[in-house]
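In: Need coordinates for the following:
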Amino acid sequence: NPRVPFAVYYPPDWTVDESDLAAKGQVKFFSPTRNPSLWIHVNTERTTTSIDTLRDAQAKGLAQSCVRSGVELTQQGTVSNVVFDELIESCDLADQGQLSVFLFGVGLNHGFAWDITAYSPRMDFNHNTCGCPAGNVEAFFDPMLNSANIYGDPAG
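Out: Numbers count the residues shown, from 1 in each chain. Model (predicted):
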């Protein structure tokens, strides 16, 4: 779709929600239980704001929906040859009844801000939290993001 010019492989049993594509430039990918999920958004206006400033604003916005939250990690990563400032934030969402984790990042490609948000219950987040060989990071998020291809600039 020229509005959000990217491609990504996702598990065959996941669903794609493009209902916010036209209005917000956002595509959501949901597991069969809707938990975990991955959201990809691109802004159609160019920006000169730094990725760390954009990422911090995203973290503050997310924290407002949490009863309690805390930053676990900040790092840089690369998706489709675009550098992303990433942040892992634990969040106690009142309606979920469990601690959740958001892994999100912001990257700039030709001045367009791309936001990627991965959501998971804390207990299933990665192999360190679930004590299993592959949590949601290893089983879903890393393979999906490693397959991602940002192939153009968004159409306004």
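In: Tell me which helix or strand comes right after the helix or strand containing L38.
Out: Using DSSP states H and E, L38 falls within strand 37-46. For strand 37-46, the following helix or strand on the C-terminal side (DSSP H and E) is helix 51-63.
In: Taking the centroid of the protein, which residue is nearest it?
Out: Residue closest to the average C-alpha location in the chain (CA atoms, centre = their mean): T117, at 1.5 Å.
In: Quick check: that one touching F102?
Out: Yes: using CB atoms under 8 Å, T117 is in contact with F102, at 6.0 Å. C-beta: built from backbone N, CA, C; applies to glycine.
In: For the protein, just list every one of the helices.
Out: Under the criterion DSSP state H, helices of the chain are mapped to 21-24, 51-63, 127-130, 136, 142-147.
In: beta partners of the residue lying closest to G25 once chain neighbours are set aside?
Out: Leaving aside its sequence neighbours, G25 sits nearest to V42 (CB to CB, 6 or more residues apart in numbering; 5.0 Å). V42 forms beta bridges with W114, as assigned by DSSP bridges.
In: Please tell me how far V42 sits from L73.
Out: Separation of V42 from L73 (CB to CB, to the nearest Å): 24 Å.
In: ok, now R34?
Out: 25 Å.
In: Neighbour count: the two, which is higher?
Out: Taking neighbours as other CB atoms under 10 Å, R34 and L73 compare with R34 leading, 12 against 9.
In: And the more buried one, what's its pLDDT?
Out: pLDDT recorded at R34 is 91.
In: try G156
Out: We have a pLDDT of 62 for G156.
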